[in-house]
Every structure is written in C-alpha cells, then in structure tokens.
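**Q** Build me a model from this:
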Amino acid sequence: MGIFNFFKGQFIEVIEWTDQNSNTMVYRFPVQNNEIKMGASLIVRESQVAIFVNEGEIADVFTPGHHVLYTQNLPILTKLKSWKTGFNSPFKAEVYFVNTKQFINQKWGTSNPIMMRDPEFGMIRLRGYGIYSYKVSDPVVFLKELFGTSGSYDTENVESHLKKMILSGLTDLFAESKIPALDLAMYYDELSTQGKEKMKERFAKFGFEITSLYIENLSLPKEVEQAMDKRTTMGVLGDMNTYTQFQAAEAIREAARNEGGGMAATGAGIGAGAAIGNAMAGAFTSNQQNTAPSSPAEPAKIACPHCQAQIRANAKFCPECGKTVKEQTASCTSCKATIKEGSKFCGECGAQQVTEKKCPSCGMLNGPTAKFCGDCGENL
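**A** Prediction:
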C-alpha cells in the first residue's frame, strides 16, 4: 500500500477548482506534501485568479486559461534524491485560487445610534442600514494582508471588519453633510455615491474594490418621530383657538345629553349653561377683535435734501426751507450720465465736471458743451 501511494504521488497533477460555495473567496488546492510536479497543468476558470507560490515566494499570478507550471519537483527523481529528508521534497509549491466575482448583498447597519446635531431638532440619534458589494481587485495584496497561508477564506472572515469601516466612514459623512433630518430621505442617492467614493481607498488597502453601496433607510428615535407626528397634527388642525372652542362645545353637548337625574343633572345643566355662556362670550370677543377697524397707518416721511427736516414722502416742497424736494440733476460733461447738480466728479466714469471752457486764443469763458469760442470762433 505504501509503494502504491508512493507511485500515485508521482503523477503530474491537473490543478483546477470549481466553487461549491458562493461565499468562498480563497481556496488552496490540496497536493500531497505540497509537492507540485514539474509540468503540472493549471486550469483557471472565468471569475478566478490563481496565485502560484513556489518555495515560499509568490512566483506568478495566472488569469483564466490553461497554464503549465514549472517547479523543482521532478517525478520520482526528486523523491529519490530526498532520502536525507525522509523522502519529503524540500521544494514546496502551492496554488491558491482567488474568487474575483462580486460578493453582493453584504449588509451593514448601525449597532449603536449615530449622534449628530440637527438645525431644527438639536442633538438627535440616527440609525440606518443598507447593503454593499465588493470584489478582489488585487490578489497579491489580498494574500499578503488578509488570508496569508489559510487553506480557505470566505466573506464571514472579513465581514465584521468591512462593516465597521463603512460605519466609520458614513458616520463622518453624515455629520459633515449637515443635512436636516427631515431632508435626509431626498439625499439617499447622493450620500450613497459619496460613501462609496469615501470607502475606495480603505478597501484598496486589503486588495478589494467596493463596487456599490446603498443606504436603504435612515431613521430617527421613536421619541423624535412621536414629536414630529404631534407637530404634523397641529399643522393639520390649523388655528388652535378655534379648535379649542370646538372641543369645548363638543364637551358641553355631551354633558347636556347626560340623562342622569337629581342634583347631578341640575349641576351638569348649570355647568353646561355657564360653559356655553363663557364660550359664546369668548367667541363674541374674538369676533369683535377680528372685526375692529384698524387705525390708519402714519404716512411715510423722508428727509429734505436741503435742510434735512422730516417731511411727507410725496411732498413737492419743504415746509421748513421752502425749497423744492425734487433733486436737481445735470449731465456728465464726459459720459452724459445723469448726476446730481453741482457734483465735482461723475459717479459713473469719474470724470471731473468742468463748468466753463476758457478760449485759449481770446480768453473768453464758454459753456461746458461749447465746441467753438463764441467771441473769436476758435476751436475749443
């Protein structure tokens, strides 16, 4: 039996793997004593990558297809030369199959509420949950950082760590967004996209690529939701005074319908009458207050541009100084814009306002818009 196993172990291997579990990420192909023979056939299927480790070092990464492996192990000859080590070959080689498909429907959720400051409700506690998907993008980094030399590795081994990474990033994202709690629902898509971008670098450190991230729900504590329901009810009811009067009238009617006899009925009737009188008096007073004519508004006033006295806005002359209220204007001598009369500079172009032009020939003063001297005809 020992001789049979000896010769059986010298056959050249055909190395392949078909995934039987959708959550398996890494599978190490089992070879007797990890002695892969020279010329072994390696078959890598779609959605797989094979990492060939020869004598303790990563020798190559194989993509889908058929490959031939070259090692130091020659059938029979290597085994016979290994008598010093008890016929155990010192040339060890392993093949790790890495699943590169997407691992979808991975769930995340808040184990503890997220504390954040809301502009309307103040300090609130936020809970949320959703799903995400990822895949192995760099098998070498994945081998070195996570699964090492494990015979198999699945999503459960890394699920807890990835979930905590996502929660840490989303907590920071929600706080920085400063979106009011009532408006969070309309930003689910934007927050999901930003959260995915925020996670890319963190996932890449383990050789992963996050392909999607979705926020399914963000909810407030039960106490805050009850307060919101009360506020909604108040908004539906409208005028609280009218609603209070209506409630009082309903209570009075129910009391008046009480058919109990004796002093109880008499007291109820007296109380009902008093309540009706008070309600009617309150309604009458409220109506009087609503229908009372409002006092005429005081006319608006402005300051006189000459003496600064307070006058009516529609007055044409100042009752204090007698000057016209309308501001006198003139045209800029450069850009012709409308400016205040007597201004030294234009507010539009900044040009200095020249009131008169002096003739360079005869010295006569002419108007600011004159082009020729009125005395000698010299061109100005």
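**Q** for the chain, what helix or strand is lowest in average pLDDT?
**A** The weakest-scoring helix or strand in the chain, judged by mean pLDDT, DSSP states H and E, is helix 77-81 (a mean of 37).
**Q** what about the helix or strand just after it, distance to the chain center?
**A** The helix or strand immediately downstream of helix 77-81 is strand 93-99, counting by DSSP states H and E. Taking Cα atoms, centre = their mean, to the nearest Å, the mean C-alpha location of strand 93-99 is offset from the chain mean by 40 Å.
**Q** Residues contacting strand 93-99, please?
**A** Contact with strand 93-99 is made by 15, 17, 19, 24-29, 31, 34-36, 42, 44, 47-55, 69, 71, 73, 136, 139, 142-143, 147, 149, as judged by Cβ atoms under 8 Å, 6 or more residues apart in numbering. Using the backbone N, CA and C atoms, a C-beta is placed for each residue, glycine as well.
**Q** ok, the helix or strand just after it: who's next to it in the sheet?
**A** Sequence-wise, the next helix or strand downstream of strand 93-99 (DSSP H and E) is strand 103-109. The pairing partners recorded for strand 103-109 under DSSP bridges are strand 122-136 (antiparallel).
**Q** now the angle between strand 93-99 and the strand it pairs with, please.
**A** 130 degrees (axes from the mean of the first three to the mean of the last three Cα atoms, to 10 degrees).
**Q** could you dump strand 122-136 to PDB, C-alpha only?
**A** Taking C-alpha atoms only, strand 122-136 is exported to PDB below (Å, rounded to 0.1, in the frame of the first residue of the first chain):
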ATOM      1  CA  GLY A 122     -30.900  69.900  18.100                       C
ATOM      2  CA  MET A 123     -29.000  66.800  19.200                       C
ATOM      3  CA  ILE A 124     -30.500  63.600  17.700                       C
ATOM      4  CA  ARG A 125     -29.600  59.900  17.400                       C
ATOM      5  CA  LEU A 126     -29.700  58.500  13.900                       C
ATOM      6  CA  ARG A 127     -29.900  54.800  12.900                       C
ATOM      7  CA  GLY A 128     -29.500  53.400   9.400                       C
ATOM      8  CA  TYR A 129     -28.900  50.300   7.400                       C
ATOM      9  CA  GLY A 130     -28.200  49.200   3.800                       C
ATOM     10  CA  ILE A 131     -26.200  46.900   1.600                       C
ATOM     11  CA  TYR A 132     -22.900  47.000  -0.300                       C
ATOM     12  CA  SER A 133     -20.900  44.900  -2.800                       C
ATOM     13  CA  TYR A 134     -17.200  44.300  -3.300                       C
ATOM     14  CA  LYS A 135     -14.700  42.100  -5.100                       C
ATOM     15  CA  VAL A 136     -11.000  41.200  -5.000                       C
END
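**Q** what packs against the helix or strand that it is followed by?
**A** Tracing the chain C-terminally past strand 122-136 and defining elements by DSSP H and E, one meets helix 139-142 next. Counting contacts by 3 or more Cβ pairs under 8 Å, 6 or more residues apart in numbering; DSSP states H and E, helix 139-142 packs against strand 48-54, strand 57-62.
**Q** pLDDT score assigned to the nearest residue to Ser111 once chain neighbours are set aside?
**A** Counting by Cβ to Cβ, 6 or more residues apart in numbering, Ser111 lies nearest to Leu167, which is 7.9 Å off, once chain neighbours are set aside. Looking at Leu167, its pLDDT stands at 92.
**Q** In CSV, list the C-alpha atoms belonging to the helix or strand harbouring Leu167.
**A** Assigned by DSSP H and E, Leu167 belongs to helix 156-177. Output of helix 156-177 as CSV, limited to C-alpha atoms (Å, rounded to 0.1, in the frame of the first residue of the first chain):
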residue,chain,number,x,y,z
GLU,A,156,-17.5,35.8,7.0
ASN,A,157,-13.9,36.2,8.0
VAL,A,158,-13.7,39.8,6.9
GLU,A,159,-17.4,40.8,7.1
SER,A,160,-17.2,42.4,10.6
HIS,A,161,-14.2,44.5,9.8
LEU,A,162,-15.6,45.8,6.5
LYS,A,163,-18.9,46.7,8.2
LYS,A,164,-17.1,48.7,10.9
MET,A,165,-15.1,50.5,8.2
ILE,A,166,-18.2,51.5,6.4
LEU,A,167,-20.0,52.7,9.5
SER,A,168,-17.0,54.8,10.5
GLY,A,169,-16.9,56.5,7.1
LEU,A,170,-20.7,57.0,6.8
THR,A,171,-20.9,58.5,10.4
ASP,A,172,-18.3,61.1,9.4
LEU,A,173,-20.1,61.7,6.1
PHE,A,174,-23.5,62.3,7.7
ALA,A,175,-22.0,64.7,10.3
GLU,A,176,-20.2,66.7,7.6
SER,A,177,-23.2,66.9,5.3
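**Q** Could you give me the buried positions within that helix?
**A** Judged by neighbour count using 16 or more other Cβ atoms under 10 Å, the buried positions of helix 156-177 are 158, 162-163, 165-167, 169-171, 173-174.
**Q** hmm, which two among those residues are most spread apart?
**A** Within those, two members stand farthest from each other by Cβ to Cβ: Val158 and Phe174, at 24.2 Å.
**Q** Would you confirm that Cys335 contacts Gly350?
**A** No - with contacts counted by Cβ atoms under 8 Å, Cys335 stays clear of Gly350, the gap being 9.4 Å.
**Q** which SS class is His306?
**A** Assigned with DSSP: H, G, I helix; E, B strand; the rest coil, His306 falls in the coil class.
**Q** Give me the spatial nearest neighbour of it, chain neighbours excluded.
**A** Distances taken as Cβ to Cβ, 6+ apart place Lys323 nearest to His306, at 4.7 Å, with adjacent residues excluded.
**Q** OK, contacts around that neighbour?
**A** By Cβ under 8 Å, 6+ apart, the neighbours of Lys323 are 304, 306-307, 317.
**Q** So it versus Ala300, what's the distance?
**A** Relative to Ala300, Lys323 is positioned 20 Å away (Cβ to Cβ, to the nearest Å).
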